[in-house]
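Enquirer: The sequence and its predicted three-dimensional model are supplied below.
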Amino acid sequence: MRWLSPLKALLLAVALCSGAGAQEAAPEVAPTVASLRSQLEAVPSQIDSSASVRGVVEQLNAISAATDKFITTRTGDLNDLNARLGELGNAPAAGTTENPDITRRRATLTKERNALDADIRLARLVSVDAQQRASELLSKRRALFEAQLTERAPSPLGREFWEDIGDAWAGDLARLERLGDEVAEGLQTARQPGHAAPVLGTLAIALLVALLGNWLAERALARFAARFLPPGRLRRSLLVIAIVTTNVLLVGLAAQGVFAVLDNHGVWATQTRKLGQSVVQSSIFIAFVVGLGRALLSNGRPSWRLPPITDPLAARLAPFPWVMALVAAVVWAPIQVNAVVEASFAAVVATHVMTALLLTAMIGAMLLRLHSTPAAEAPAAEPAPKEASPGPAASAPTPPDSDSGALERPMWVGVLLAGVTLILIAIWVLVATGYVAMGSFLASQLTWAGIVAAAFYVLFKFADDLFMAVVSSRSNFGQRLQLSFGLQSRTLDQAAVVLSGLSRVILFFYMVIALATPLGTSPGEVYQRSGKFGGGIKIGEIQLVPSAIISAVAVLVIGFIALRVVKRWLEQRFLPHTGLEPGMQSSITTLLGYVGGILVVAFGLSALGIGIERIAWVASALSVGIGFGLQAIVQNFISGLILLAERPVKVGDWVVLGNAEGDVRRINVRATEIQLGDRSTMIVPNSEFITKTVRNMTLSNAEGRVLIRLPMPLTTHATRAREVMLAAFANHPGVLASPAPAVTLEGVEVGFLIFQAVAYVQSPRLAGGVRSDVLFAMLDGLRTADLPMAAYPGAPPYPGAPGAPAPVVAPPPPPVLPGLAS
């Protein structure tokens, strides 16, 4: 069917382009050093205009890339030859013989190796020469660009400006007529019977793809995000990126398809082909600007809007993406036509004036929309709606902010708007005084800065939302990480913030590059200059390479995660099934953590390019400082390692250090934590356990001892007192039957019998409570058995004791007669 040809042509446009690219990428003969040098010498060394520099620099970059590829290939061959020579060994010493085949083989390999080494050295010289020539050309281009910016032309307010346009009108009109003739010939070709249907069909399909396709794709993406993506901020930023990407892809596909079909049907001529290629590029750029603006404003889905702006402000800014596209097309067309037809200097100056005026008018109108706030747009604040399914029903109003005057606008916003206003005034002054190139450049740069800022705002938000939704403890994936590796919530949140900050730094670096793109260079040249940072920054003897930094961070992250997994496996799976004590298990995992952490850091430093020898040099340089300022820290660290190795004190022991005693809860790298009886924690430096006397109550025996000393009068019946004390021990469930409790009579002191009662409990931690309970029971038992306790000299015996006087009871007061009451 004939109507299928436009659809086939559009759908196969990308395949045609890729097929052409595949043909261009056909296998080629490997270049030689001589051919690379001849290509370099064939590149012109002089430039006439700024436009010619780009082609020359691209040729030099291609030569440099081919040379680097040549060096890489030859370096691999050279390493193979060196390995083969190493297998043959060194030449024999004088006076000795070897197999002639081996000698001949060694000579052949040595000759090939020397030839390869010479080729590599010459190729490196070619690469260096190409890079130097490219740098010189870029410097000349920047100088030419700066000279053009500072060049003064006739002011559009004067007569000379219009006289120059009148004088050049005839020549420019003739050039335009030649371009018009090519356009007419192309249209005539497109109207021929064999070409009309495919061309018109392709144009119709391209319009459907660019307009209707974008409309359908945007709604499909919104429904997909609302249905399949989890609620949160991430799906908002993802939706913006998806909408912009889809718009650019569909419009780019449609434009490339139309260009390919017109090219296949012979519509393009020399000048119209250049103009068509510019149309394709500008269409993609306009699609990006319109898609970005509409996605950020999100007037159809206000609850999904990414920037914090109100509905009235978004509605007032809604036309500006299309206005910017229209202004870009109006500004772009004369510039491209001037470049294609090589228009006069007067036409170029007039184009600069028009560019500056149109762009500043658009920016000024946007500033007026931002400042204007009708009184009807100041309603009472409403609660912000939750994220709903996107669509027309999701257009709930958002709470007013600075737009309605309810909230104060941030100070930096006012400063930024004031700065933009001053730049607009400066542009008008420059244009009025004749510096039209400078004014046009500032207007274009200001517009470009706004587009770049909006695009990277989306990327900043996406990076932040991505790590917060994936790594933080509040996310599903973060909770899985927490359960799998035993990570703390605070650690995950800190990791999310750090990763978000690193991504923002990287994005900021490329944002600066994007902002510098229009500064007299192309994006490729700016990225080429930014690629020099990939070679690294040398600080002293250390070369910091971005790729090495990323590798080092990856090694540290993966290493510490693997270390955490191994420690968790040892603690929960392996060590509990061994016969080791809990303290020994803790010591093993702690030592493993220290050793593994040191190894991971060493591997990270190695990935960063800092070898062990440099670490040793740094350690030797710091030895003096360690000897003086860090002596105590190093002493405690070594003491901690000794405690973990010899285990005189381990986790779970009950120790007495000075006047304090308690449980050893944790042995850290510098100090040991001891939990006292009052539930407080005492931090003791590890050196205290090595250099001072420590009493370990549970080192060889985990049982605790209860010791009670009671003084009693000489008249006390010692046997009955002993029976009461043993009965108190026997009645307490915490007292062990073996070793059996014992009550001994130590002797007589100051007229008193001194009884000592000893019993044992399961742990020293129970001794204090058991001692108190048993002492209460002993006192009650002695009182019941009429066995008095000793008292201080001169103190009366307690009531009920033998010989104690009877208690004196006071008589009740006499009754008061009613008549005598006062």
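Expert: Looks like it came in fine.
Enquirer: In what element of secondary structure is the residue positioned nearest the centre of the chain found?
Expert: Geometric centre of the chain, nearest residue: L499, 2.4 Å, by CA atoms, centre = their mean. Following DSSP states H and E, the helix or strand that holds L499 is helix 489-515.
Enquirer: helices or strands up against that helix?
Expert: For helix 489-515, the packing partners by 3 or more CB pairs under 8 Å, 6 or more residues apart in numbering; DSSP states H and E come out as helix 436-470, helix 476-485, helix 523-530. The way it works is simple: take the backbone N, C-alpha and C, and place the C-beta from them, glycine included.
Enquirer: Please name whichever of the ones you listed is nearest to E646.
Expert: Closest approach to E646 among the helices and strands packed on helix 489-515 (CB to CB): helix 476-485, 31.4 Å.
Enquirer: Give me the mean pLDDT for that closest one.
Expert: When the per-residue pLDDT values of helix 476-485 are averaged, the result is 75.
Enquirer: can you give me the angle it makes with helix 489-515?
Expert: Computed with axes from the mean of the first three to the mean of the last three CA atoms, to 10 degrees, the direction of helix 476-485 lies at 130 degrees from that of helix 489-515.
Enquirer: Identify the bridge partners of the residue nearest to P764 when sequence neighbours are not counted.
Expert: Among residues not flanking P764 along the chain, G704 sits closest, at 3.5 Å (CB to CB, 6 or more residues apart in numbering). When bridges are called by DSSP bridges, G704 pairs up with V761.
Enquirer: So this structure: which segments form each domain?
Expert: Structural domains assigned to the chain are 31-149, 545-621, 704-784, following automatic domain parsing.
Enquirer: related to what we said a few turns ago, quick check: the residue nearest to P764 vs W448, distance?
Expert: G704 sits 79 Å away from W448 when distances are taken as CB to CB, to the nearest Å.
Enquirer: So which of those two has more stuff around it?
Expert: More neighbours surround G704 than the other of G704 and W448, with 22 against 16 (other CB atoms under 10 Å).
Enquirer: in terms of contact, does the more buried one touch A759 like I think?
Expert: No. With contact defined as CB atoms under 8 Å, G704 does not count as touching A759 (9.6 Å).
Enquirer: starting at the chain centroid, how far to the helix ranked longest in the chain?
Expert: Among the elements of the chain assigned as helix by DSSP state H, the one spanning the most residues is helix 100-149. The chain centroid and the centroid of helix 100-149 are separated by 38 Å under CA atoms, centre = their mean, to the nearest Å.
Enquirer: helix or strand right after that helix?
Expert: Under the assignment DSSP H and E, the closest C-terminal helix or strand after helix 100-149 is helix 159-190.
Enquirer: same for the next helix or strand after that next one, what does it pack against?
Expert: Sequence-wise, the next helix or strand downstream of helix 159-190 (DSSP H and E) is helix 193-207. Using 3+ CB pairs under 8 Å, 6+ apart as the contact criterion, the neighbours of helix 193-207 among helices and strands are helix 4-11, helix 159-190, helix 234-264.
Enquirer: Average pLDDT for the first one, rounded please.
Expert: Average pLDDT, helix 4-11: 41.
Enquirer: Repeat that for stretch 170-181.
Expert: Confidence over stretch 170-181 (mean pLDDT, whole number) is 83.
Enquirer: what comes up buried for it?
Expert: Buried residues in stretch 170-181, defined by neighbour count with 16 or more other CB atoms under 10 Å: D172, R175, L179.
Enquirer: For that stretch, give me every contacting residue.
Expert: Outside of stretch 170-181, the residues within contact range by CB atoms under 8 Å, 6 or more residues apart in numbering are Q271, T272, L275, V337, V340, V341, E342, A343, S344, A346, A347.
Enquirer: before we move on, what about stretch 327-335?
Expert: The contact list for stretch 327-335, computed with CB under 8 Å, 6+ apart, reads S278, S282, F285, I286, V289, A347, T351, M354, T355, L358, L359, M362.
Enquirer: Specify which member of these is nearest to L368.
Expert: L368 has its nearest neighbour among the contacts of stretch 327-335 in M362, at 10.9 Å by CB to CB.
Enquirer: Report pLDDT for the closest one.
Expert: Taken from the predicted model, the pLDDT recorded for M362 is 90.
Enquirer: Kindly provide the distance from the spatially closest residue to T447 that is not a sequence neighbour to S282.
Expert: For T447, ignoring the flanking residues on the chain, the nearest one in space by CB to CB, 6+ apart is L359 at 5.3 Å. Taking CB to CB as the measure, L359 and S282 are separated by 15 Å.
Enquirer: neighbour count winner among the two?
Expert: Counted by other CB under 10 Å, L359 and S282 do not tie: L359 has more neighbours, with 25 against 18.
Enquirer: now the strand or helix carrying the more buried one, how far from the centre of its chain.
Expert: Using DSSP H and E, L359 sits within helix 345-371. Offset of helix 345-371 from its chain centre (CA atoms, centre = their mean): 39 Å.
Enquirer: go on, stretch 92-109?
Expert: 58 Å.
Enquirer: Also stretch 780-787?
Expert: For stretch 780-787, the separation from the chain centroid amounts to 76 Å (computed by CA atoms, centre = their mean).
Enquirer: could you pull out the helices for the stretch 551-700 of the chain?
Expert: All helices of the stretch 551-700 of the chain, identified by DSSP state H, counting those that start in this stretch, fall at 582-608, 612-621, 623-628, 631-646, 686-691.
Enquirer: meant to ask about the stretch 701-822 of the chain
Expert: Assigned by DSSP H, counting those that start in this stretch, the helices in the stretch 701-822 of the chain fall at 718-731, 767-784.
Enquirer: what sits against L275?
Expert: Contact criterion CB under 8 Å, 6+ apart gives L179, Q336, V337, V340 as the residues in contact with L275.
Enquirer: what secondary structure does it sit in?
Expert: With DSSP: H, G, I helix; E, B strand; the rest coil as the basis, the three-state label of L275 is helix.
Enquirer: per-residue confidence at it?
Expert: 83.
Enquirer: rewinding a little: how much space is there between the closest residue to the residue nearest to the centre of the chain other than its chain neighbours and F477?
Expert: Counting by CB to CB, 6+ apart, F467 is the residue found nearest to L499 once chain neighbours are left out, at 4.5 Å. Going from F467 to F477 by CB to CB gives 11 Å.
Enquirer: Neighbour count: those two, which is higher?
Expert: Neighbour count, other CB under 10 Å: between F467 and F477, F467 has more, with 22 against 12.
Enquirer: wait, doesn't the more buried one sit right on S503?
Expert: Yes. Between F467 and S503 a contact is recorded at 7.1 Å, counting by CB under 8 Å.
Enquirer: OK, contacts around the residue lying closest to R720 once chain neighbours are set aside?
Expert: Taking CB to CB, 6+ apart, and ignoring the residues beside it in sequence, R720 has A785 as its nearest neighbour in space, at 5.9 Å. Residues counted as contacts of A785 (CB under 8 Å, 6+ apart) are R720, A721, V724.
Enquirer: State the mean pLDDT of stretch 458-465.
Expert: Per-residue scores along stretch 458-465 average to 89.
Enquirer: Run through who's touching that stretch.
Expert: Outside of stretch 458-465, the residues that reach it under the criterion CB under 8 Å, 6+ apart are 232-234, 236-238, 240-241, 244, 292, 295-296, 306, 500, 503-504, 507.
Enquirer: Now the buried members of these.
Expert: Neighbour counting by 16+ other CB under 10 Å classes 233-234, 236-238, 240-241, 244, 292, 295-296, 306, 500, 503-504 among the contacts of stretch 458-465 as buried.
Enquirer: any idea how far L239 lies from A295?
Expert: Computed as CB to CB, the L239 to A295 distance reads 7 Å.
Enquirer: scratch that, F224
Expert: When CB to CB is applied, the distance between F224 and A295 equals 15 Å.
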